[in-house]
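**Student:** What follows is a predicted structure for the sequence shown.
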Amino acid sequence: MASLKIPSGNKMASRTNLGTRSSKSLLAAASLIRSRSRIGAGGSRVGFGGANGGDGEEEWLQAREPVKPDDQLELSEEELKVEHTRILRGNNPHAPDNIVRFSFKESEYKAIAQVEQLAMHFKMDGNMIHEDSDEARRQRARDNVRSRKPVTTATTTTETEEGENGEGEGGEDGAEVPDEGVEGEETAEGDEGTATEAEAEEEVEAPKAVGAGPPKKLRNQFNFSERASQTFNYTTKERGVSTVPPPRSTFSALVTQGIIFDAYTANEARKASLKEKSQSDGKKAKTKTTTAYESSRTTGAATDSEPSIWAAAAKVVTLPEVKKVERMVLQNVFDEVHLDFKYYENGADQYKTVTEEGGSSVLPLWKFFTPEYKRHTVTCVSFIPGSPDLIVVGFGSYDYLKQGSGAVACFSFKNPATPEFLIPTNSGVTSVDPMEDKPHLICVGFYDGSVAVYNLAIPDEISRAVPTHKSTALTGKHTDPVWQVKWQPDDVDKRHNFLSVSADSLVRGWIMVKNELHYRDLIYLEDAEVAADDEDMEATKYAGLCFAFNPKQDHLYLVGTEEGRIMKCSKAYNARFLTTYEAHGMAVYGLEWNRFHDGVFVSCSADWSVKVWDHQYPLPLFEFDLGSAVGDVSWAPYSSTLFAAVTADGFLHIVDLAISKTEPVHVSQIIKKGKLTHVAFNSVYPVIVLGDDRGNVTSFKLSPNLRKSFDKAEPEAEVEKLEKLLESMKELDIQTGKPLYGST
């Protein structure tokens with residue numbers, strides 16, 4: 001039998017107020033539902049809006065006119081047909097969009113690209129307990145006690161329902177129930193509303209289940225509805241960073257148990273030999289005194305009560321005094337050489353000019369060498385400031401395949417037989433420079449990329465051989481050989497510092513801090529313009545071989561590279577070079593500023609050429625082809641126009657620009673087999689020293705024609721003389737009469 005269900009607009013209100021109704025209201029609702037079901041069962045159609053139900057159709061099936069509010073807009077048909085699209089997004093409108101975080105990679109603050117858009121509207125923590133636990137038993141007991149309370153009400157409600165059912169049946173058999181009665185019952189309920197058939201029956205029949213069956217399940221107190229929506233999915237992006245791969249090299253070797261054992265035994269043997277050598281050196285010093293004392297006793301030279309004269313002499317004679325005696329003996333041995341050094345003058349210079357054959361000469365004086373480093377190359381030669389008779393020399397090798405140990409030696413004109421100091425090093429020495437204010441401090445550059453500082457004033461020979469400051473791989477060093485080092489004026493904190501140039505394209509500054517060396521990169525030798533023009537092209541790097549500092553402007557310096565270029569740089573501006581000179585076609589081996597004119601410098605290269613430059617002029621003013629690779633060049637300290645250069649074929653070339661602008665004024669062959677590597681002028685004596693690749697340092701005395709202005713050089717006159725030569729060689733503009741390039 002079908003039942004008629006009447007929709008009600010106060011359905012939600014009736015659900016909410018159902019729990020607060022009285023038992024009488026529940027009985028009235030139950031009788032109303034049963035009466036409606038009987039009306040529907042009888043097949044009669046009752047029109048709730050009218051007596052006869054309209055035109056044969058029920059009113060609730062007919063279309064109803066919508067109720068328009070008073071403030072509704074009046075729109076036309078075109079405006080009504082316009083579609084307005086609204087997109088619901090999952091973005092949180094209260095989420096911040098200006099959060100920044102510090103990026104340690106880029107060293108700056110950067111905004112966060114993605115922000116969390118999750119917003120929590122409701123959160124409830126659940127509580128689940130086991131059904132066999134004590135808490136669950138107590139909860140079921142409480143539910144049972146609550147369900148037993150309305151038992152009497154349920155009985156009364158049942159009797160009342162039976163009476164109403166009888167009346168309803170009688171009414172159904174006799175006549176139809178009028179609509180006014182139904183409306184009256186609905187009106188009696190007031191604002192509480194009516195409940196549906198299923199809800200009323202559940203509420204009425206619920207108390208009947210008390211006392212039998214499982215306990216009643218708790219109903220959901222909320223109007224639950226499941227809804228689903230699809231949010232906007234963000235597009236995924238991939239970000240990749242490509243780094244420069246580190247340099248790699250393939251190395252392969254055979255490792256067996258025998259090879260490992262041999263290497264281990266060789267290392268242990270080397271350690272044992274070094275230990276025995278150190279112990280034997282200490283024993284020798286003791287045995288010398290003991291043997292002398294015992295021999296004197298056996299020969300009867302001294303008695304037990306009277307000490308030996310040799311023992312007494314050993315207490316009086318000290319090392320400085322022994323050196324004085326040695327120098328006196330050597331001066332007698334080299335008596336002729338000392339006389340030539342002091343008094344010899346070439347008589348032919350009075351009757352011949354320097355350009356004529358035999359008009360100039362160099363007189364050999366002393367040859368300095370050590371037997372331990374006879375086959376080593378002289379990599380640097382320099383006079384110690386304040387001591388014109390002392391020469392500091394570095395021993396090493398320029399051959400990559402013949403690298404080994406090196407040494408720093410100090411020779412004197414007073415003792416040409418043996419060096420005053422000899423400091424052995426583990427790596428080959430490439431450059432040495434003594435400090436001008438403190439000549440006992442020398443900075444040394446090594447082939448392995450490290451630098452060190454030695455103190456020659458330490459009296460102990462063993463302690464003197466240990467550097468006071470040295471750079472290592474942990475504290476920082478160059479990755480390629482250090483080709484030149486140079487002391488700089490003390491910084492604002494009165495700390496000693498020096499610079500070094502290396503083949504790893506770096507000019508690096510070193511500061512002496514207590515017993516450590518702290519460094520900073522002064523400039524990186526690369527072509528920044530190529531990298532700026534084309535981002536894909538890697539910048540060209542230049543290997544530094546030499547540098548020279550301006551004598552008057554200490555911030556200005558030049559760097560010679562292996563590619564043949566010369567860069568003019570400044571310590572006050574480290575970003576890029578001030579000027580780049582396309583100087584030579586091969587490696588630049590030597591650079592030096594003129595000692596009188598602070599705008600002129602000379603360069604030599606492996607392309608057989610020596611060139612004289614004005615640093616404000618892009619082209620060389622003087623150029624000389626010497627017929628072989630030029631190893632070093634040096635200006636004379638007594639003339640602004642004279643300089644000397646040495647070549648790989650063993651020749652010494654002396655050039656005087658005031659006499660000849662195209663050819664050297666003097667050329668002499670120093671050695672027949674070997675190469676000349678370095679040259680240096682003495683600032684007090686008319687002496688020049690040359691180093692070769694056989695470990696020899698030879699000194700020569702210049703003839704009078706090669707040192708005319710030695711004792712009477714005036715700086716202003718020398719600058720004026722050189723300035724006239726420069727102006728005569730520059731290309732001038734016809735209209736203005738000024739140089740086409742640069743300015744003086």
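**Tutor:** It's in. Numbers count the residues shown, from 1 in each chain.
**Student:** can you list the residues that contact whichever strand or helix holds Cys443?
**Tutor:** Here Cys443, judged by DSSP states H and E, is contained in strand 441-446. With contacts defined as C-beta atoms under 8 Å, 6 or more residues apart in numbering, strand 441-446 is touched by 392, 394, 396, 406, 408, 425, 427-435, 451-456, 467, 481-485, 487, 496, 498, 500, 510. Any C-beta I mention is one placed from the backbone N, CA and C, and that applies to glycine too.
**Student:** Please report the distance of His596 from Val393.
**Tutor:** If you look again at residue 596, you'll see it is Phe, not His. Remark: distance between Phe596 and Val393 (C-beta to C-beta, to the nearest Å) = 27 Å.
**Student:** Compare those two (neighbour count), which wins?
**Tutor:** Val393 (28 against 24; other C-beta atoms under 10 Å).
**Student:** before we move on, back to that, for the strand holding Cys443, which strands pair with it and how are they oriented?
**Tutor:** Applying DSSP bridges, strand 441-446 is found paired with strand 429-434 (antiparallel), strand 451-455 (antiparallel).
**Student:** nearest to Ser683, of those strands?
**Tutor:** Nearest to Ser683, of all the strands paired with strand 441-446, is strand 429-434, at 13.0 Å by C-beta to C-beta.
**Student:** Pull the closest one out as CSV, backbone CA atoms only.
**Tutor:** Backbone C-alpha positions of strand 429-434 (Å, rounded to 0.1, in the frame of the first residue of the first chain) are rendered in CSV as follows:
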residue,chain,number,x,y,z
VAL,A,429,113.7,27.9,-6.1
THR,A,430,112.3,30.2,-8.9
SER,A,431,112.6,33.7,-7.4
VAL,A,432,114.3,35.5,-4.5
ASP,A,433,113.9,39.1,-3.3
PRO,A,434,115.6,40.6,-0.2
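**Student:** I'd like the average pLDDT over it.
**Tutor:** Averaging pLDDT along strand 429-434 yields 94.
**Student:** How far off centre is it?
**Tutor:** How far strand 429-434 lies from its chain's middle: 29 Å, per C-alpha atoms, centre = their mean, to the nearest Å.
**Student:** Identify the residues contacting that strand?
**Tutor:** Applying C-beta under 8 Å, 6+ apart, the contact partners of strand 429-434 are 379-380, 382, 384-385, 392-396, 406-408, 441-447, 481-487, 498, 500.
**Student:** Write the PyMOL selection for whichever of those residues are buried.
**Tutor:** Buried members of those, defined by 16 or more other C-beta atoms under 10 Å, are picked up in PyMOL with:
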select buried, resi 379+380+382+384+392+393+394+395+396+406+407+408+441+442+443+444+445+446+447+481+482+483+484+485+486+487+498+500
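**Student:** Show only the entries of the contacts of strand 429-434 found in strands.
**Tutor:** Within the contacts of strand 429-434, residues falling in strands by DSSP state E are 379-380, 382, 384, 392-396, 406-408, 441-446, 482-487, 498, 500.
**Student:** Could you measure from the most centrally placed residue in the chain over to Ile99?
**Tutor:** Geometric centre of the chain, nearest residue: Lys105, 10.4 Å, by C-alpha atoms, centre = their mean. Per C-beta to C-beta, Lys105 is found 18 Å from Ile99.
**Student:** His130 now?
**Tutor:** 46 Å.
**Student:** one step back: distance between the strand holding Cys443 and the chain's centre?
**Tutor:** A distance of 27 Å separates the centroid of the chain from that of strand 441-446, by C-alpha atoms, centre = their mean.
**Student:** quick one, phi/psi of Ala263?
**Tutor:** Here is the backbone geometry of Ala263 (degrees, to the nearest 10): phi -60, psi -40.
**Student:** so what's it scoring on pLDDT?
**Tutor:** 85.
**Student:** Ok, Thr160 next?
**Tutor:** 45.
**Student:** Equivalent analysis for the one 4 residues further on, please.
**Tutor:** The model reports Glu164 with a pLDDT of 45.
**Student:** what's near enough to touch Leu642?
**Tutor:** Trp635, Ala636, Ile654, Val655, Asp656, Leu657, Ala658, Leu706.
**Student:** Distance check, Lys568 against Gly396.
**Tutor:** Counting by C-beta to C-beta, the gap between Lys568 and Gly396 amounts to 29 Å.
**Student:** tell me the angle the strand holding Cys443 makes with strand 482-488.
**Tutor:** If you take axes from the mean of the first three to the mean of the last three C-alpha atoms, to 10 degrees, strand 441-446 sits at 160 degrees to strand 482-488.
**Student:** tell me the mean pLDDT for strand 441-446?
**Tutor:** pLDDT averaged over strand 441-446 gives 94.
**Student:** With stretch 582-601 instead?
**Tutor:** 92.
**Student:** Output it in CSV with nothing but the alpha carbons.
**Tutor:** C-alpha atoms of stretch 582-601 as CSV (Å, rounded to 0.1, in the frame of the first residue of the first chain):
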residue,chain,number,x,y,z
GLU,A,582,100.4,43.3,-27.6
ALA,A,583,104.1,43.2,-26.9
HIS,A,584,105.7,39.9,-28.1
GLY,A,585,104.9,36.8,-30.1
MET,A,586,106.2,34.4,-27.4
ALA,A,587,106.5,34.3,-23.6
VAL,A,588,107.7,37.4,-21.8
TYR,A,589,110.7,36.5,-19.6
GLY,A,590,111.6,39.9,-18.1
LEU,A,591,110.2,43.3,-17.3
GLU,A,592,111.8,46.3,-15.6
TRP,A,593,111.0,50.0,-15.1
ASN,A,594,113.6,52.6,-15.8
ARG,A,595,115.3,53.7,-12.6
PHE,A,596,115.2,57.4,-13.6
HIS,A,597,112.1,57.9,-15.8
ASP,A,598,108.9,56.5,-14.2
GLY,A,599,107.1,56.2,-17.6
VAL,A,600,109.6,53.9,-19.5
PHE,A,601,110.1,50.2,-19.2
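**Student:** element containing His338, please.
**Tutor:** His338 belongs to helix 335-343, assigned by DSSP H and E.
**Student:** and after that helix, which helix or strand comes next?
**Tutor:** Counting by DSSP H and E, the next helix or strand C-terminal to helix 335-343 is strand 362-368.
**Student:** and that following strand, what other elements does it pack with?
**Tutor:** helix 335-343, strand 697-702 (3 or more C-beta pairs under 8 Å, 6 or more residues apart in numbering; DSSP states H and E).
**Student:** Send over the strand or helix carrying Thr677 as CSV, restricted to the C-alpha atoms.
**Tutor:** If you go by DSSP H and E, Thr677 is part of strand 676-681. Extracted in CSV, the C-alpha atoms of strand 676-681 (Å, rounded to 0.1, in the frame of the first residue of the first chain):
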residue,chain,number,x,y,z
LEU,A,676,122.6,32.6,-19.7
THR,A,677,119.5,33.0,-17.5
HIS,A,678,119.8,36.2,-15.5
VAL,A,679,121.7,39.5,-15.2
ALA,A,680,122.0,42.1,-12.4
PHE,A,681,123.9,45.4,-12.0
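**Student:** The following helix or strand past it to strand 697-702, inter-axis angle?
**Tutor:** Where DSSP H and E defines the elements, the next helix or strand beyond strand 676-681 is strand 687-692. Comparing the axes of strand 687-692 and strand 697-702 via the same axes, to 10 degrees yields an angle of 150 degrees.
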